[in-house]
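Asker: Sequence and predicted structure below; questions after.
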Amino acid sequence: MTSERTFRIAAIPADGVGTEVVAAGRAVLDALAGASHGELAFDWTEFPWGCGHYERTGVMMDEDGLETLKDFDAIYFGAVGWPTVPDHISLWGLRLKICQSFDQWANVRPVHFLPGVVSPLRKADDTELDWVVVRENSEGEYAGLGGRNLSARGPGNEVAVQSALFTEVGSERIIRFAFDLARGRTRRKVSSVTKSNAQQYGMVLWDEVFARVARDYPDVETESVLVDAMSAKFVLRPEDLSVVVASNLHADILSDLGSALAGSLGLATSANLNPERRFPSMFEPVHGSAPDIAGRGLANPIGAIGSAALMLEHFGLADHAARLRKAIETTAGAGVLTPDVGGSATTADVTSAIIDNLAL
Ligand SMILES: NC(=O)c1ccc[n+]([C@@H]2O[C@H](COP(=O)([O-])OP(=O)(O)OC[C@H]3O[C@@H](n4cnc5c(N)ncnc54)[C@H](O)[C@@H]3O)[C@@H](O)[C@H]2O)c1
């Protein structure tokens with residue numbers, strides 16, 4: 001039977017547990033497609049890029065890699081980084097290169113609490129907690145602007161400048177994205193994260209754009225919170241959050257805090273979106289390559305598998321995404337959990353339980 005819709009996906013497992021969780025996500029998506037009675041199928045092409053490729057060839061991805069990737073419907077990414085290669089080389093040479101070249105300016109990182117997973121937050125037991133971090137993904141502190149100089153003056157004299165870039169266009173598009181997202185949620189609220197008390201140029205511009213855009217969304221509640229206070233709020237009053245929009249660095253840190261509050265970094269999902277769809281978007285777990293547990297079958301695959309659900313949503317397959325999320329919840333609720341969330345199941349155990357639960 002031919003499939004009505006075949007999605008061409010570029011898989012880039014990259015390093016460490018990235019290879020384990022991407023394999024898990026692929027198995028789950030193929031099972032979902034297999035049970036769809038020909039409604040959909042995935043045509044995978046896997047690329048061997050990452051730190052191993054760097055050690056063999058001197059580059060993190062092929063020179064024509066972006067050209068090759070641009071014709072895919074989406075990219076399914078694992079994690080990049082290995083102790084043998086400096087992190088700034090591996091990150092800039094692959095993940096950031098793809099995000100920036102494909103203008104994946106909106107990074108959506110839901111903070112989702114699962115049944116059966118114990119949160120370090122006491123109030124998670126009896127409070128409905130569910131918020132999403134919207135991260136500006138193209139500029140801010142990760143614009144890569146700056147340089148190092150003066151090392152010729154001798155040991156101890158080198159200087160480094162790392163500038164953050166805040167453009168009105170870049171701030172406005174991510175803030176509007178956050179407001180549009182809030183309109184589709186039960187709680188229509190956007191919290192803007194700032195640090196304009198100390199950073200009087202970039203973050204003041206960010207605040208001004210936020211106030212201006214907010215006027216176009218009178219039906220959406222707003223607040224502007226300093227990043228330090230927001231980190232406390234994540235822990236103390238998370239029930240007051242719905243959509244949290246923040247700069248590249250602030251959202252990077254806050255979303256890790258969010259996933260730790262939900263129980264583990266291994267659970268956190270993310271979508272790097274090019275909302276105009278001029279380029280493929282990229283779906284990946286939030287976590288890194290976890291060298292401390294890599295290769296032992298201990299990696300939690302839920303972050304990667306949940307990121308596949310975000311990919312299905314991006315393809316307009318909301319029902320399939322919901323089915324996949326339900327299978328994840330049923331699996332976690334039944335206590336089939338990896339050690340990072342207090343269980344003793346392996347990556348393979350969790351993956352096959354999720355596949356079994358797709359059929360329910
Ligand atoms: N998006 C990315 O590709 C990405 C993100 C973060 C870090 N990194 C890279 O990953 C490498 C390791 O970085 P790190 O140690 O700071 O962060 P990390 O996310 O790899 O690991 C942090 C902790 O979380 C645990 N963990 C992570 N993923 C897990 C999973 N799926 N299941 C269970 N436990 C999990 C690890 O065992 C470790 O204790 C570095 O090279 C870093 O640059 C890459």
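Answerer: Looks like it arrived, so ask away.
Asker: Only C-alpha atoms from now on, for both contacts and neighbour counts.
Answerer: OK.
Asker: So for Leu360, what's the pLDDT?
Answerer: Reported pLDDT at Leu360 in the predicted model: 73.
Asker: Next: Met1.
Answerer: For Met1, the pLDDT comes out at 47.
Asker: got it, and Glu128?
Answerer: In this model, Glu128 is scored at 88, pLDDT.
Asker: What is the burial count for it?
Answerer: Other residues near Glu128 come to 11 when the count uses other C-alpha atoms under 10 Å.
Asker: Equivalent analysis for Asp126, please.
Answerer: By other C-alpha under 10 Å, the residues close to Asp126 number 7.
Asker: what about it, distance to Gly258?
Answerer: From Asp126 over to Gly258 the distance is 18 Å, taken as C-alpha to C-alpha, to the nearest Å.
Asker: hey, where'd the strands end up in the stretch 151-300 of the chain?
Answerer: Taking DSSP state E, counting those that start in this stretch, the strands of the stretch 151-300 of the chain run over residues 159-165, 189-194, 221-226, 243-246, 269-273, 281-285.
Asker: Including mean pLDDT, could those go into a markdown table?
Answerer: Below are the strands of the stretch 151-300 of the chain laid out as a markdown table (pLDDT from 0 to 100):
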| stretch | mean pLDDT |
| --- | --- |
| strand 159-165 | 97 |
| strand 189-194 | 98 |
| strand 221-226 | 98 |
| strand 243-246 | 98 |
| strand 269-273 | 98 |
| strand 281-285 | 98 |
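Asker: So for Gly34, which of these sits nearest?
Answerer: The closest of the strands of the stretch 151-300 of the chain to Gly34 is strand 281-285. By C-alpha to C-alpha, the value is 21.1 Å.
Asker: Dump the strands of the stretch 151-300 of the chain to TSV, plus distance to the ligand and mean neighbour count.
Answerer: Below are the strands of the stretch 151-300 of the chain laid out as TSV (distance: least, C-alpha to the nearest ligand atom, whole Å; neighbours: other C-alpha atoms under 10 Å):
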stretch	distance to the ligand	mean neighbour count
strand 159-165	18	14
strand 189-194	21	24
strand 221-226	24	16
strand 243-246	18	28
strand 269-273	9	26
strand 281-285	7	29
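Asker: what about those, which gets the closest to Arg325?
Answerer: strand 269-273 (11.5 Å).
Asker: got the angle for that closest one vs strand 281-285?
Answerer: 160 degrees (axes from the mean of the first three to the mean of the last three C-alpha atoms, to 10 degrees).
Asker: Nearest spatial neighbour of the residue sitting nearest the centre point of the chain, chain-adjacent residues omitted?
Answerer: By C-alpha atoms, centre = their mean, the chain has its centre lying nearest to Ser270, at 2.5 Å. Nearest non-adjacent residue to Ser270, counting by C-alpha to C-alpha, 6 or more residues apart in numbering: Arg109, 4.6 Å away.
Asker: same thing with Ile305?
Answerer: Excluding the flanking residues, the one nearest Ile305 by C-alpha to C-alpha, 6+ apart is Gly25, at 4.7 Å.
Asker: again with Ala309
Answerer: Ala321 (4.6 Å).
Asker: How about the contacts made by the one you found?
Answerer: Ala321 is in contact with 309-310, 312-313, counting by C-alpha atoms under 8 Å, 6 or more residues apart in numbering.
Asker: cool, Lys326 as well?
Answerer: With contact taken as C-alpha under 8 Å, 6+ apart, Lys326 is in contact with Leu358.
Asker: For it, what are phi and psi?
Answerer: Lys326 adopts backbone torsions of phi -70, psi -40, taken as degrees, to the nearest 10.
Asker: Please apply the same query to Val80.
Answerer: According to degrees, to the nearest 10, Val80 has phi -120, psi 140.
Asker: separation between it and His88?
Answerer: From Val80 over to His88 (counting by C-alpha to C-alpha), the distance is 11 Å.
Asker: Point out where the protein drops to low pLDDT.
Answerer: Across the chain, the ranges flagged by pLDDT under 70 are 1-3.
Asker: can you put the strands of the stretch 151-300 of the chain in JSON lines and add distance to Gly38?
Answerer: Formatted as JSON lines, those follow (distance: least, C-alpha to C-alpha, whole Å):
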{"stretch": "strand 159-165", "distance to Gly38": "47"}
{"stretch": "strand 189-194", "distance to Gly38": "40"}
{"stretch": "strand 221-226", "distance to Gly38": "43"}
{"stretch": "strand 243-246", "distance to Gly38": "36"}
{"stretch": "strand 269-273", "distance to Gly38": "26"}
{"stretch": "strand 281-285", "distance to Gly38": "24"}
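Asker: Can you tell me which of those is nearest to Leu236?
Answerer: strand 221-226 (14.0 Å).
Asker: how about the residue nearest to the centre of the chain, what does it touch?
Answerer: Taking C-alpha under 8 Å, 6+ apart, one finds 107-110, 283-286, 307, 310 in contact with Ser270.
Asker: try Ala318
Answerer: Leu312.
Asker: cool, Val111 as well?
Answerer: Applying C-alpha under 8 Å, 6+ apart to Val111 gives the contacts 130-133, 255, 258-259, 262, 268.
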